[in-house]
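Engineer: Sequence and predicted structure, then a few things I'm wondering about:
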Amino acid sequence: MPPPSPAETDALTALAANIRIWARELGFQQAGIADTELSQAEARLQQWLAAGYHGDMDWMAAHGNKRSRPAELEPGTLRVISVRMDYLPPDTAPVKLLKQGEKAYISRYALGRDYHKVIRKRLAQLAAQIRTAAHASGLASELGRAFVDSAPVMEKPLAAKAGLGWQGKHTLILNQQAGSWFFLGEIYTDLPLPVDAPVENKCGACKACITVCPTDAIVAPYQLDARRCISYLTIENSGDIPEDLRPKMGNRVFGCDDCQLMCPWNRFAQHSGEADFQPRHALDQADLVTLFNWSEATFLENTAGSPIRRTGYAGWLRNIAVGLGNGPPSDAAIAALEARLDFPSDMVVRHVQWALTRLHQSRQSATSALPSSETGLLGKA
């Protein structure tokens with residue numbers, strides 16, 4: 001297509017500036033613009049898939065090159081508008097919670113309302129504003145499609161190209177002023193808007209995220225083996241969790257935030273003021289036993305409009321059984337597990353049996369470690 005005229009260039013520059021203003025007015029903390037050239041990201045994706053690091057996430061290999069070539073997914077795409085929205089709720093004490101074995105740790109992004117719905121609605125509003133303004137300025141535009149982690153879109157490489165941050169060694173986007181506790185969203189547009197410059201990668205020699213990963217899922221800087229990642233194991237994985245990884249999961253029952261919690265750049269993370277991202281049903285401080293005792297009806301009611309619904313009820317019980325097996329061997333935990341031994345899912349029962357074995361062994365170890373006088377007292381109790 002021919003290059004824009006000077007008048008069109010001025011109009012596009014003004015529109016790009018307005019997009020940033022409108023994005024902030026809609027609750028996004030930042031917006032940037034990228035072109036669609038993703039050949040390096042495409043090569044890295046192909047290597048990642050060839051290594052089998054995607055596990056059972058077959059959709060990562062589907063759709064041909066549409067994921068890395070935006071114009072093949074949406075013909076006419078010239079630019080991608082990338083936005084970020086902070087989600088970290090205040091006062092959830094995640095590090096402290098990980099040390100409380102009787103509590104359930106749920107990834108901070110999943111404590112509130114499903115981000116897909118929140119962000120998609122606002123991106124649709126932003127796309128409508130852009131189209132209206134473009135037409136008012138005499139700019140031809142027929143495309144403005146919004147995406148939120150729901151289509152073959154390389155959101156992290158696009159966010160990096162748009163200047164929202166750099167892709168850290170844990171593969172998440174890091175922002176120098178905001179850390180990594182944010183969601184991403186995109187608008188594909190046919191407007192040849194001026195693009196933003198990428199920012200410098202500032203991970204340096206730091207390996208905090210690699211070192212802290214409980215299951216050693218970050219196999220090398222910028223390389224994540226999803227098959228070992230707790231987020232994959234507790235959310236995307238529909239089968240058994242490998243036994244050798246279960247003890248390493250601790251009380252993490254839906255997702256994992258360790259790589260973010262230990263990242264030095266998250267000193268600068270901002271808490272979200274979005275009401276939709278605040279914890280619901282006390283999920284930021286719930287006991288494992290309480291959640292394990294939810295009926296399926298309660299699970300469906302309490303996870304309506306929540307990302308947690310994705311794992312399904314059986315997956316929820318599977319995950320919490322592992323958490324209980326890694327926790328203290330209380331009477332309540334053992335009773336809750338025993339009550340699920342006849343659950344209709346063989347997968348759940350296998351994890352319940354594993355957890356009960358762990359707790360009984362833990363009790364035996366604790367008893368054998370007591371002085372003989374205390375052991376005698378226990379026998380008389």
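Structural biologist: Nice, thanks for sending it over. Numbers count the residues shown, from 1 in each chain.
Engineer: Tell me where the stretch 201-350 of the chain has helices.
Structural biologist: With helices called from DSSP state H, counting those that start in this stretch, the stretch 201-350 of the chain shows them at 208-212, 230-231, 258-261, 288-292, 296-302, 312-325, 331-338, 346-368.
Engineer: Please identify the most buried of those.
Structural biologist: Highest mean neighbour count of these: helix 312-325, a mean of 26 (counted as mean count of other CB atoms under 10 Å). For the C-beta atoms, the positions are set from N, CA and C on the backbone; glycine is no exception.
Engineer: Show me what that one is packed up against.
Structural biologist: strand 252-254, helix 288-292, helix 296-302, helix 331-338, helix 346-368 (3 or more CB pairs under 8 Å, 6 or more residues apart in numbering; DSSP states H and E).
Engineer: would a markdown table of the ones you listed with distance to Gln30 and mean pLDDT be doable?
Structural biologist: Listed next are those as a markdown table, based on distance: least, CB to CB, whole Å; pLDDT from 0 to 100:
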| stretch | distance to Gln30 | mean pLDDT |
| --- | --- | --- |
| strand 252-254 | 27 | 98 |
| helix 288-292 | 35 | 98 |
| helix 296-302 | 32 | 98 |
| helix 331-338 | 44 | 98 |
| helix 346-368 | 41 | 94 |
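Engineer: Wait, Trp354 touches Asp244, no?
Structural biologist: No. With contact defined as CB atoms under 8 Å, Trp354 does not reach Asp244; the gap is 11.6 Å.
Engineer: Now find how far off-centre stretch 248-265 is within its chain.
Structural biologist: 11 Å (CA atoms, centre = their mean, to the nearest Å).
Engineer: need the contact list for the residue lying closest to Phe343 once chain neighbours are set aside.
Structural biologist: Counting by CB to CB, 6 or more residues apart in numbering, Phe343 lies nearest to Val349, which is 5.7 Å off, once chain neighbours are set aside. Neighbouring residues of Val349 by CB atoms under 8 Å, 6 or more residues apart in numbering: 340-343.
Engineer: And Met57, by the same measure?
Structural biologist: 226, 232, 236.
Engineer: Show the contacting residues for the nearest residue to Ser330 once chain neighbours are set aside.
Structural biologist: Nearest non-adjacent residue to Ser330, counting by CB to CB, 6+ apart: Glu102, 7.0 Å away. Residues in contact with Glu102 (CB under 8 Å, 6+ apart) are 251, 287-289, 327-328, 330, 333.
Engineer: And the spatially most central residue of the chain, how far from Ala34?
Structural biologist: Using CA atoms, centre = their mean, the residue of the chain that lies closest to the mean C-alpha position is Tyr109, 6.4 Å off. As for Tyr109, its distance to Ala34 is 23 Å (criterion: CB to CB, to the nearest Å).
Engineer: that older thread, quick check on the contacts of Val349: which are buried?
Structural biologist: For these, a burial check counting by 16 or more other CB atoms under 10 Å picks out 340, 343.
Engineer: any chance of the contacts of Val349 in TSV, plus distance to Ala23 and pLDDT?
Structural biologist: Shown next, in TSV, are the contacts of Val349 (distance: CB to CB, whole Å; pLDDT from 0 to 100):
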residue	distance to Ala23	pLDDT
Arg340	46	98
Leu341	52	98
Asp342	52	97
Phe343	46	98
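Engineer: is it true that Gln125 touches Gly27?
Structural biologist: No. Counting by CB under 8 Å, Gln125 stays clear of Gly27, with 10.1 Å between them.
Engineer: okay, the helices of the stretch 201-350 of the chain in a markdown table with distance to Ala17 next?
Structural biologist: Shown next, in a markdown table, are the helices of the stretch 201-350 of the chain (distance: least, CB to CB, whole Å):
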| stretch | distance to Ala17 |
| --- | --- |
| helix 208-212 | 35 |
| helix 230-231 | 37 |
| helix 258-261 | 31 |
| helix 288-292 | 47 |
| helix 296-302 | 43 |
| helix 312-325 | 45 |
| helix 331-338 | 57 |
| helix 346-368 | 53 |
